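J.: Generate coordinates for the sequence data below:
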Amino acid sequence: MAGVNFESLVEATSGAVGAFVSTTVLYPLDTCKTKYQAEVRSIGQQKYRYLSDVLVEAISKGQIISLYQGLGTKNLQSIIAQFVYFYGYSYFKQLYLMNFGVKSIGTTANLIIAAAAGACTAIITQPLDTASSRMQTSAFGKSKGLWQTLSSGSWTEAFDGLGISLVLTSNPAIQYTVFDQLKQRLINQQQIKHSSSGSKGPSPKSLSAFSAFLLGAISKSVATTLTYPLIRCKVMIQAADNEDESKETHSKSRKTITGGLSSIWKKEGIPGFFKGLQAQILKTVLSSALLLMIKEKLSRFTWISLLALKRYLFVSKRRVKDARVV
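T.: The predicted model follows:
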């Protein structure tokens, strides 16, 4: 394990655990939001006029449990995505600091690093992302398993939305840049206040749970609002072809960014670009804030655990060598 970047591994592990918890807790809201976003129909023909209509449909059909359809795939995708993202982000950041001999990263460099980590994540997890979106947008009670969902079409279709996913790497790039900048400013203020008060205890180096939650909410709100039209377009591209909707609604033209945006414009006008924005902000803000709060609190525990594991492996390896010598 000598070649492993432990700081990056700590960031990745704690981020993955946070993703698992936040995804599971908020999944019913995510399913309602996704089905609501995927529908593109002219006013007066819409099946879901409000987000709550999705929940009402599930209750009326006795399919409350179907609000969890695709949870396993979504959790797998979230864990892998967050692990890859946090590891890549932390690794690229450490590489930048080491190569340029600086102690901090500017906003521009931070955005580039975050975008690079996001691109790696999108390419690796796109099939799982597509599958989970299809499961969520399938008719209640008719969702297929992961393998059936991916094999029902060509493997190129498993990467539907990859182009827009790469564009949307700007979302976490904006989010984590805003979070890191706000976090650093808050910690600097706390350290200045700690020094001026003459306290003998150690100066604060991490955020409280409430501070991490608040900064996570603010940073994700900014990123989500700026990129929302593309977020909705991506859901449309990946949505399942439901039997109760017309073939025209799921035409091939909607499988491209321009086709998706054009469909929204023709059927719903400008308001359509922001349909479901409130639900998206609510879900993503709560998810990201919860994720970052858990990540901040798990980082120290994870660091200690990995150091203990490293020491154990080193001691075990040393004993094996000694035994061979004897």
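
J.: just the helices in the stretch 201-326 of the chain please.
T.: Under the criterion DSSP state H, counting those that start in this stretch, helices of the stretch 201-326 of the chain are mapped to 209-238, 257-268, 277-325.

J.: Highest mean neighbour count out of the ones you listed?
T.: By mean neighbour count, with neighbours taken as mean count of other Cβ atoms under 10 Å, helix 209-238 ranks first of the helices of the stretch 201-326 of the chain at a mean of 20. In short, each C-beta sits where N, CA and C put it, glycine included.

J.: Could you pull up the mean pLDDT of stretch 37-52?
T.: The average pLDDT for stretch 37-52 rounds to 82.

J.: which sections of the stretch 101-250 of the chain are below the confidence cut-off?
T.: Residues of the stretch 101-250 of the chain meeting the criterion pLDDT under 70: 198-205, 240-250.

J.: all strands of the stretch 1-150 of the chain, in order?
T.: Assigned strands in the stretch 1-150 of the chain: none (criterion: DSSP state E, counting those that start in this stretch).

J.: For residue 18, give its distance to residue 192.
T.: Counting by Cβ to Cβ, to the nearest Å, the gap from residue 18 to residue 192 is 29 Å.

J.: Kindly report the same for residue 290.
T.: The span separating residue 290 from residue 192 equals 29 Å under the rule Cβ to Cβ.

J.: Of residue 18 and residue 192, which one has the most company?
T.: Here residue 18 and residue 192 are compared on neighbour count by other Cβ atoms under 10 Å; more neighbours surround residue 18, at 26 against 11.

J.: Quick check, that one in contact with residue 298.
T.: Yes. The criterion here is Cβ atoms under 8 Å, and residue 18 meets it with residue 298 at 6.9 Å.

J.: ok, which stretches of the stretch 1-150 of the chain are helices?
T.: Taking DSSP H, counting those that start in this stretch as the criterion, the stretch 1-150 of the chain carries its helices at 6-25, 27-38, 52-60, 71-100, 107-137, 146-151.

J.: Pick the most buried one from those.
T.: Ranked by mean neighbours (mean count of other Cβ under 10 Å), the helices of the stretch 1-150 of the chain are led by helix 27-38, with a mean of 23.

J.: could you dump stretch 13-26 to CSV, C-alpha only?
T.: Included here for stretch 13-26 are C-alpha records, laid out as CSV according to Å, rounded to 0.1, in the frame of the first residue of the first chain:
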residue,chain,number,x,y,z
THR,A,13,-14.1,6.5,1.6
SER,A,14,-15.8,9.1,3.8
GLY,A,15,-17.5,10.6,0.7
ALA,A,16,-18.8,7.2,-0.4
VAL,A,17,-20.3,6.4,3.0
GLY,A,18,-21.9,9.8,3.0
ALA,A,19,-23.4,9.2,-0.5
PHE,A,20,-24.8,5.8,0.6
VAL,A,21,-26.6,7.3,3.6
SER,A,22,-27.9,10.4,1.8
THR,A,23,-29.1,8.5,-1.2
THR,A,24,-31.0,5.9,0.8
VAL,A,25,-32.7,8.5,3.1
LEU,A,26,-33.9,10.8,0.3
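
J.: Give me the residues contacting that stretch.
T.: Under the criterion Cβ atoms under 8 Å, 6 or more residues apart in numbering, residues 30, 71, 74-75, 78-83, 85-86, 283, 286-288, 290-296, 298-299, 302, 306 lie in contact with stretch 13-26.

J.: With stretch 103-117 instead?
T.: 84-86, 88-89, 92-93, 96-97, 169-170, 172-174, 176-177, 180-181, 184.

J.: repeat that with 6 Å
T.: Surrounding stretch 103-117, the residues in contact under the criterion Cβ atoms under 6 Å, 6 or more residues apart in numbering are 85, 88-89, 92-93, 169, 173, 176-177.

J.: and which of those is nearest residue 217?
T.: Compare each of those with residue 217 using Cβ to Cβ and the shortest gap goes to residue 176, at 13.6 Å.

J.: Reformat the contacts of stretch 103-117 into JSON lines and put distance to residue 152 next to each item.
T.: Shown next, in JSON lines, are the contacts of stretch 103-117 (distance: Cβ to Cβ, whole Å):
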{"residue": "85", "distance to residue 152": "28"}
{"residue": "88", "distance to residue 152": "31"}
{"residue": "89", "distance to residue 152": "34"}
{"residue": "92", "distance to residue 152": "36"}
{"residue": "93", "distance to residue 152": "40"}
{"residue": "169", "distance to residue 152": "28"}
{"residue": "173", "distance to residue 152": "33"}
{"residue": "176", "distance to residue 152": "35"}
{"residue": "177", "distance to residue 152": "38"}
